[in-house]
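Peer 1: No letters, just coordinates:
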């Protein structure tokens, strides 16, 4: 999976793709030098594992994020109000760090993750900057 980000002062918007095919958009906190619970995470490649919690039900956990713990991909529609460094999938972007229909986007993402796990494919997420021609 690839996450192409576009950075804004009040939040980060992204597009999540699988083998070049867009799957959903994402929202995150703004980049604040990887400050725990206040910043999005650094660009790079991360392993994903499936995780369950009472709060988010089935979601994904990013492994070995430098200087951070328990970075998740879970539902949220407003990064500043609902995220502490995690990534939220959304169906639509409405403003920097804000989107809508997050639970629907997470369902699509989990279907794709389950398919990869059934085929024993590694779940990897590569995070980078969106190309200039890509408007997020």
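Peer 2: All right, it came through fine. Nothing here was measured: the structure is a model prediction, and the numbers come from that model.
Peer 1: Show me what the lowest-mean-pLDDT helix or strand in the chain is packed up against.
Peer 2: Taking mean pLDDT, DSSP states H and E as the measure, the helix or strand of the chain with the lowest value is helix 102-118, at a mean of 92. Applying 3 or more C-beta pairs under 8 Å, 6 or more residues apart in numbering; DSSP states H and E, one finds that helix 102-118 contacts strand 21-28, strand 44-53, strand 57-63, strand 88-90. Quick note: C-beta positions are derived from backbone N, CA and C, even for glycine.
Peer 1: C-terminal to it, what's the next element?
Peer 2: Going down the chain from helix 102-118, the next helix or strand is strand 124-129, by DSSP states H and E.
Peer 1: Same list, the helices and strands packed on helix 102-118, but as TSV with mean neighbour count, mean pLDDT and distance to residue 77 please.
Peer 2: What follows is the helices and strands packed on helix 102-118, written out as TSV (neighbours: other C-beta atoms under 10 Å; pLDDT from 0 to 100; distance: least, C-beta to C-beta, whole Å):
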stretch	mean neighbour count	mean pLDDT	distance to residue 77
strand 21-28	21	96	8
strand 44-53	14	96	18
strand 57-63	18	96	15
strand 88-90	28	98	7
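Peer 1: Indicate which one of those strands is closest to residue 123.
Peer 2: With C-beta to C-beta as the criterion, residue 123 lies closest to strand 44-53 of those, at 3.9 Å.
Peer 1: strands paired with that closest one, and their directions?
Peer 2: Strands that pair with strand 44-53, judged by DSSP bridges, come out as strand 57-63 (antiparallel), strand 124-129 (antiparallel).
Peer 1: For stretch 7-19, give the mean pLDDT please.
Peer 2: Mean pLDDT, computed over stretch 7-19, is 95.
Peer 1: List of residues touching that stretch?
Peer 2: Stretch 7-19 is contacted by residues 1-6, 22-31, 40, 79-80, 87, 89, 93, 95-99, 109, 112, 127, 129-130, 134, 136 when judged by C-beta atoms under 8 Å, 6 or more residues apart in numbering.
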